[in-house]
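Chemist: Here is my input, please return the structure:
(one chain, ligands or ions: 1)
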Amino acid sequence: MTPEKKILCIGAGYVGGPTMAVIAHKCPDYQVTVVDINPERIDQWNSDSLPIFEPGLDPIVKRARGRNLFFSTDIEKGIRENDIIFVSVNTPTKTFGVGSGMAADLQYWEKTARQILEHSDAPKIIIEKSTLPVKTAQAMERILTTNHKKVRFDVLSNPEFLAEGTAVRDLEKPDRVLIGAHRTPEGKKAQDVLVDIYTRWVPRDRILTCDIWSSELSKLVSNAFLAQRVSSINAVSALCEKTDADITQVARAVGMDGRIGNRFLNASVGFGGSCFQKDILNLVYLCRHYGLHEAADYWEGVIRINDHQKNRFVFNMLNAMFNTLANKKICMFGFAFKADTGDTRESPAIFISKKLLEEKAALVITDPKALPNARIDLRGIDQNVRYVEDPYEAVAGTHAIAVLTEWGLYRTLDYQKIFDAMVQPAFIFDGRNILDHNALFEIGFNVYPIGKPALTHF
Ligand SMILES: NC(=O)c1ccc[n+]([C@@H]2O[C@H](COP(=O)([O-])OP(=O)(O)OC[C@H]3O[C@@H](n4cnc5c(N)ncnc54)[C@H](O)[C@@H]3O)[C@@H](O)[C@H]2O)c1
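Modeler: From the prediction side, this is the model:
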């Protein structure tokens, strides 16, 4: 049977894999192919153990794979045989040259554009799924229109708003889908093709259409707003610690105001993940490029507070543990940047580990999904690090626990058993405010939450 639509996605990462799996799942009459330059990643997508952990992803992939979902390294063939092409390659922060440490590194993006051009003989719709600076579609169009073959390309922007850890749920029931297209008859025609795909499972009033530049910018701004809420509440948490106020009470009172809302108001050790920092830096770079230095400074402040929060966490540990961590053993509960993912990119745990190792502490890291990535992140500096999957085994003989990821499992452990296995006096630094602090104090722990008075036995 000929498929109703043939879709390609270039980039089989945290976005490309789940997004295409959900399209294949929702539209069994479409043929969906995901390609990547990384053969190991493709092998994993074709195996029993997928390269990323996302709740609910395994069954969807396994049902659709080989039926209408395919993973391959043959990018050229993919481009030749598909007329709808999503591009979901990585767009990290540039680490060299002009804009180093701020601007997006678009080399993977441009390479893809040139590859699409080289291997296309028929009209194609190209969809930006990666998060990109405003006006990237224009650059892509310029590359694509320098062709002698006279092939027609329509470029759309369709930024992805999924959050890792809830990717499948977010893709199946998105708050909104955003599609940016040129406001020309051809642009609208291309836009309708994409709208058609999403309306298979997303209510039409949740699919927003707009011009390309607004679409590109909306993604950067959404992430900047989310990160700004985290930094705002974290800035207040520092003040709470100085004034004996309680950040949970403050957040509850503030969040019950319907104009503010209660989500993303949990104080913590700081935000991580591959997107927030990168996208804010990108926004800052754009503002500076256009001479909007006050706007740039404003957004940069969000990152400064995040860095400050991570530094404060380490400083509080040092201060509480008698101003020396040398030769002390610290158990880190969690290494992933958030719960329900194995992803550790920009995880606060990386920063904290490095600082603690500089203080000459020994670390035992435990995490249900992120230990393979933790080993990579700390490669070369982990002579004093052990990686232990079982939290009870991990805490044995340690002086302190630092909770760095809000995994549900850490709420339900037997903390009396843990206390008994630790060196006394035992400390807990709850970087996610997920534990029952009074109960821990009753057991005998010295407890240091974020943004609340410490509970100590001294
Ligand atoms: N991770 C998230 O939660 C998330 C959410 C929304 C948007 N985004 C954005 O989506 C984009 C992808 O993010 P990700 O987390 O999936 O990245 P990722 O690093 O997990 O995946 C990107 C993949 O692209 C592949 N790739 C790079 N260049 C290629 C090329 N020329 N041809 C074929 N494959 C190539 C890489 O090998 C990699 O497997 C980024 O722009 C990111 O900002 C990410």
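Chemist: Next, the residue positioned nearest the centre of the chain: secondary structure please.
Modeler: Centroid-nearest residue in the chain: Gly273, 3.8 Å away (criterion: CA atoms, centre = their mean). Here Gly273 is coil, with the state taken from DSSP: H, G, I helix; E, B strand; the rest coil.
Chemist: who touches it in this structure?
Modeler: Applying CB atoms under 8 Å, 6 or more residues apart in numbering, we find Gly273 in contact with Glu164, Phe337, Lys338, Asp343, Arg345, Glu346, Ser347. Glycine gets a C-beta too; all of them are placed from N, C-alpha and C.
Chemist: So what touches the helix or strand bottoming out on mean pLDDT in the chain?
Modeler: Here the helix or strand of the chain ranked lowest by mean pLDDT, DSSP states H and E is helix 136-145, holding a mean of 86. Helix 136-145 is contacted from outside by 106, 109-110, 113-114, 116-117, 126, 128, 153, 155-157, 180, 212-213, 216, using CB under 8 Å, 6+ apart.
Chemist: just to revisit the earlier point, with respect to Cys331, which of the contacts of Gly273 is nearest?
Modeler: The closest of these to Cys331 turns out to be Ser347 (CB to CB; 16.3 Å).
Chemist: Spatially nearest residue to that closest one, not counting backbone neighbours?
Modeler: Phe337 (3.8 Å; CB to CB, 6 or more residues apart in numbering).
Chemist: Quick one: residues contacting that neighbour.
Modeler: Per CB under 8 Å, 6+ apart, neighbours of Phe337: Glu164, Phe271, Gly272, Gly273, Asp343, Thr344, Arg345, Glu346, Ser347, Pro348, Ala349, Thr405.
Chemist: hang on, the earlier thing: near the ligand, from the contacts of Gly273?
Modeler: Residues of these in contact with the ligand (CB under 6 Å from any ligand atom): Glu164.
Chemist: any idea which of the contacts of Gly273 is closest to Pro92?
Modeler: Arg345 (9.1 Å).
Chemist: Report how many residues lie close to Leu194.
Modeler: Using other CB atoms under 10 Å, Leu194 has 21 neighbouring residues.
Chemist: Please identify the buried residues of the longest helix along the chain?
Modeler: In the chain, ranked by residue count with DSSP state H as the criterion, the top helix is helix 212-243. Residues of helix 212-243 classed as buried: 212, 215-220, 222-224, 226-238, 240-241 (neighbour count, 16 or more other CB atoms under 10 Å).
Chemist: Kindly report the same for stretch 2-18.
Modeler: Buried, per 16+ other CB under 10 Å, within stretch 2-18: 5-18.
Chemist: Per the annotation, how does the chain divide into domains?
Modeler: 5-210, 214-458 (automatic domain parsing).
Chemist: ends of the first one, how far apart?
Modeler: Read that as domain 5-210. In domain 5-210, first residue to last residue: 24 Å (CA to CA, to the nearest Å).
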